[in-house]
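A.B. asks: what follows is a predicted protein model with its sequence.
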2 protein chains.
Amino acid sequence: MQFGESGKYLDNLKYWVSEILNQMSAEIICVGTELLLGDILNSNAQFIAQQLAQLGIPHYYQTVVGDNPERLKQIIEIAISRAQILIFTGGLGPTPDDLTCETIADFFSVPLVERPEIIEDITQKFAQRGRVMTPSNRKQALIPRGAEILPNPTGTAPGIIWEPHPGITIFTFPGIPSEMYQMWQETAVPFLKNQGWGKEIIYSRSLKFWGIGESALAEKVASYLKLPNPTVAPYAGKGEVRLRVSAKATSQTAAEALIAPIEKQIQEIAGLDYYGANDDTLASVVGQLLRASQETLSVAESCTGGGLGQMLTEISGSSDYFWGGVISYDNSVKVGLLGVNAEDLNQFGAVSATVAQQMALGVKTRLATTWGLSITGIAGPTGGTDTKPVGLVYIGLAGPKDEVESFEYRFGVMRGRALIRHVSANAALDLLRRKLLTRINGIQAPSF
Amino acid sequence: MQFGESGKYLDNLKYWVSEILNQMSAEIICVGTELLLGDILNSNAQFIAQQLAQLGIPHYYQTVVGDNPERLKQIIEIAISRAQILIFTGGLGPTPDDLTCETIADFFSVPLVERPEIIEDITQKFAQRGRVMTPSNRKQALIPRGAEILPNPTGTAPGIIWEPHPGITIFTFPGIPSEMYQMWQETAVPFLKNQGWGKEIIYSRSLKFWGIGESALAEKVASYLKLPNPTVAPYAGKGEVRLRVSAKATSQTAAEALIAPIEKQIQEIAGLDYYGANDDTLASVVGQLLRASQETLSVAESCTGGGLGQMLTEISGSSDYFWGGVISYDNSVKVGLLGVNAEDLNQFGAVSATVAQQMALGVKTRLATTWGLSITGIAGPTGGTDTKPVGLVYIGLAGPKDEVESFEYRFGVMRGRALIRHVSANAALDLLRRKLLTRINGIQAPSF
């Protein structure tokens, strides 16, 4: 290189910086005896792994170790020999077995200092709940001299971002997943991007489907499953199927441009079985449709016992369209509060098309809403008979002109009580979604 | 030692055998690039960790590494320096990136041999599905010379049990959890028990608390946190605190005998803040108390939108005591279905002690139950004011003689909508639990 060639010099510099970045890698170190005892699933490692992949940060090893200072030090020794970014989770709590921060400081022979801003933060958090900080929480304010505080917006355990040696960066996070996720997003990601990471990113969108099985959907979109970029991969769980569409690109915008046409084509192939993407839920999609048409909804729940209402009200602002409902677990409530005919209850049973229809119309009328949605079924594990097995569920839907329909589902005894209830509530939302999208009488419920 | 003292000799021998066993430990090594990409949760590590604890096999480290022979060899080198039992999962499949078995053999410089019994087994499994074995499956029949086959009853990937050096035992399992679990139970457990493990087991009970913070509870039971056997360790999450009490003993009965007195003492110290153990939930405990007193419950929910009813009905058989309720999300439902006074609603607001009391009494009266429990609050993130911030929740409780109380909680805006709703529903159950246990007017709600 000659000094006159400044453009080339800069290019070379960029090349070497990128080379150095490429040689760097991260290691995830999860600390906690509860992980060694198998008491908890290591979901933190999965979350960080996904995040590192999105930022394009190589990551070759994950280690789990207990709350033991000597073993933790051995792990740090090994980790700094093969990685430059060490990401710790766990062991930041107030109790005596939480030793991560002090062990790291000890390993690098750096003293801990009490940071008044942490004491202040913890004191305030306790005050908000009308409580006083305990002496043991004071320990959480001790961090290695020279480390930056990685603030914890919700909990009392702050993390650190620390360069104990040039070329080694240490992050610590509490083990509680919700706290860790938020701290990662709000502080670690901007820090790492500022360091030059995330220039080539992997960006994904999750497309969501209801009313079609994983293999049936996979066959319909078979040619897309072989694409190199974006990639398309199916996942299934809890009655729902998802396709994850992942693109590698230099920016989220570029990745979205790669994903958009594929997403559109898949939506067209899937038709009404596609219901949304990413954070969309059947409840949020139904909510958007109701808000758009300025209509309202009430629910009458038997076997789901409130689960449908809970799903609807998970959405902030759902009070615009969801007015409430009746949990008619006991038959007396079906008769007394919903006006279900006692003779029909006797003749057809609580789990029947007739009762589902009367529940839906009853709640719609009493709460004066545009739509009434009802669920009655046998969630099990007991209560099934030959003609009415566990997993038999009727969903009723009463509409604007008091027209009422019902749909029969057989979710199968093998799915278990919790899943039958979950799938029932979502199937009810899916029915209303299809109705709102088509506004045609006699919609076809998807089979299961 | 003199040779005449054979009893003592045997005792000494037993002691030394147990010493050697005690010095041994296992390491879990999970192989798979999908783990490094965060595509899957490492449930295999949790399963093996639980199993090792049950067998009393110490286990201090878990490592995750990708499908990369060089890195896998480095991991083996580290593992044999600190553990004697190496348990591998993953990388036994038929595809080219499945390299675990050959890399282990290569590390110990032992050739692979094709085992005809594996070829036979795979051929039969394909035939059962009406298919012919693919050439790539042939690779799965190659195992290190001298290794024992660890049969896979359902899949095509067998594992191995192998002692490459005296004092080092290697197990390999496929990464598919259902196959791994079955192989572990059917072959690895008998093998390890035959080696003398499982004579001493670790058995744990999880004690659950509501209405006390982790650090406050840890301080109350501080002396127990230092016990050697059983050990007591605190955990916290979603408003709840747990103490895990783990005993090492020769049988579950012996472990339970060690745990029982400690559990009893902790219960006495914690008083009403202790609510149950293991699978108990606040809903199940309330259910047991209601069933015992032959009383019934109904609920009126505003901000939880059905979540309280859902928790109660998660319990199979809850129809014995839970009759249902009203989801009064909109104020019109509070007035129309629960009989809340419209003027009081205007004067005090929906989130007020007065309205909580009227909701509780209203639902109890209309559903003719012994108890009525109500929740009204601001779950956020919007809707808060200076005097009524997000996280402000009133819980109303109406009792057998129509006596009615209400309790104010401030869960804090930082906890977020989902957690505020979750904690609110549990706080309501906890209030009823305390009431049922004490039957004294004017119970004190715990602070948060």
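C.D. replies: Happy to help now that I have it.
A.B. asks: contacts and neighbour counts: CA atoms only from here.
C.D. replies: OK.
A.B. asks: let me see the confidence value for the closest residue to A:I395 other than its chain neighbours.
C.D. replies: Excluding the flanking residues, the one nearest A:I395 by C-alpha to C-alpha, 6 or more residues apart in numbering or on different chains is A:I375, at 4.7 Å. pLDDT for A:I375: 98.
A.B. asks: which SS class is A:I375?
C.D. replies: The three-state label given to A:I375 by DSSP: H, G, I helix; E, B strand; the rest coil is strand.
A.B. asks: relative to B:I315, how far out is it?
C.D. replies: 18 Å (C-alpha to C-alpha, to the nearest Å).
A.B. asks: which one's more surrounded, these two?
C.D. replies: Between A:I375 and B:I315, counted using other C-alpha atoms under 10 Å in any protein chain shown, the more crowded position is A:I375 (34 against 15).
A.B. asks: just grab the bridge partners of the more buried one for me.
C.D. replies: Beta-bridge pairing for A:I375 (DSSP bridges): A:E301, A:I395.
A.B. asks: wait, it touches A:L392, no?
C.D. replies: No: counting by C-alpha atoms under 8 Å, A:L392 is not a contact partner of A:I375; they are 10.7 Å apart.
A.B. asks: point to the residue nearest the middle of chain A.
C.D. replies: For chain A, A:D279 is the residue whose C-alpha lies nearest the centre (C-alpha atoms, centre = their mean; 7.8 Å).
A.B. asks: for that residue, give its distance to B:V404.
C.D. replies: A:D279 is 41 Å from B:V404, by C-alpha to C-alpha.
A.B. asks: one more: A:A26?
C.D. replies: 58 Å.
A.B. asks: and the two? which has more neighbours close in?
C.D. replies: Taking neighbours as other C-alpha under 10 Å, A:A26 and B:V404 compare with A:A26 leading, 24 against 19.
A.B. asks: can you pull the contacts of A:L373?
C.D. replies: A:297-300, A:359-360, A:363-364, A:395-398, A:428, A:432 (C-alpha atoms under 8 Å, 6 or more residues apart in numbering or on different chains).
A.B. asks: any idea how many residues pack against A:G309?
C.D. replies: Neighbours around A:G309, by other C-alpha under 10 Å: 31.
A.B. asks: was I right to think it contacts B:G307?
C.D. replies: Yes: with contacts counted by C-alpha under 8 Å, A:G309 reaches B:G307, the gap being 7.5 Å.
A.B. asks: circling back to that earlier point, now the residue nearest to the centre of chain A: which helix or strand?
C.D. replies: Using DSSP states H and E, A:D279 sits within no helix or strand.
A.B. asks: distance of A:Q267 relative to chain B?
C.D. replies: Here the criterion is C-alpha to the nearest C-alpha, to the nearest Å. By it, A:Q267 lies 24 Å from chain B.
A.B. asks: any idea how far the closest residue to chain B within chain A is from B:Q288?
C.D. replies: Distances between chain A and chain B by C-alpha to the nearest C-alpha are smallest at A:G306, namely 3.9 Å. A:G306 is 20 Å from B:Q288, where distance means C-alpha to C-alpha.
A.B. asks: with neighbour numbers in mind, choose between the two.
C.D. replies: Between A:G306 and B:Q288, A:G306 has the larger neighbour count (other C-alpha under 10 Å), namely 33 against 15.
A.B. asks: ok, that one - contacts?
C.D. replies: A:G306 neighbours (C-alpha under 8 Å, 6+ apart): A:I327, B:G305, B:G306, B:G307, B:L308, B:G309, B:Q310, B:I327.
A.B. asks: now the fourth one, nearest residue through space, not along the chain?
C.D. replies: With C-alpha to C-alpha, 6+ apart as the criterion, B:G307 has its nearest non-adjacent residue at 5.1 Å, and that residue is A:Q310.
A.B. asks: how about the residues of the stretch 51-200 of chain A near chain B?
C.D. replies: Contact residues, the stretch 51-200 of chain A versus chain B (C-alpha under 8 Å from any C-alpha of the partner chain): A:52-53, A:59-66, A:94-95, A:128-131, A:134, A:136-137, A:153-154, A:176.
A.B. asks: could I have the buried ones of these as PyMOL selection syntax?
C.D. replies: Listed next is the PyMOL selection for buried residues among these, using 16 or more other C-alpha atoms under 10 Å in any protein chain shown:
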select buried, chain A and resi 52+53+59+60+61+62+63+64+65+66+94+95+128+137+153+154+176
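A.B. asks: tell me which entries of the residues of the stretch 51-200 of chain A next to chain B lie within helices.
C.D. replies: A:L52, A:A53, A:Q128 (DSSP state H).
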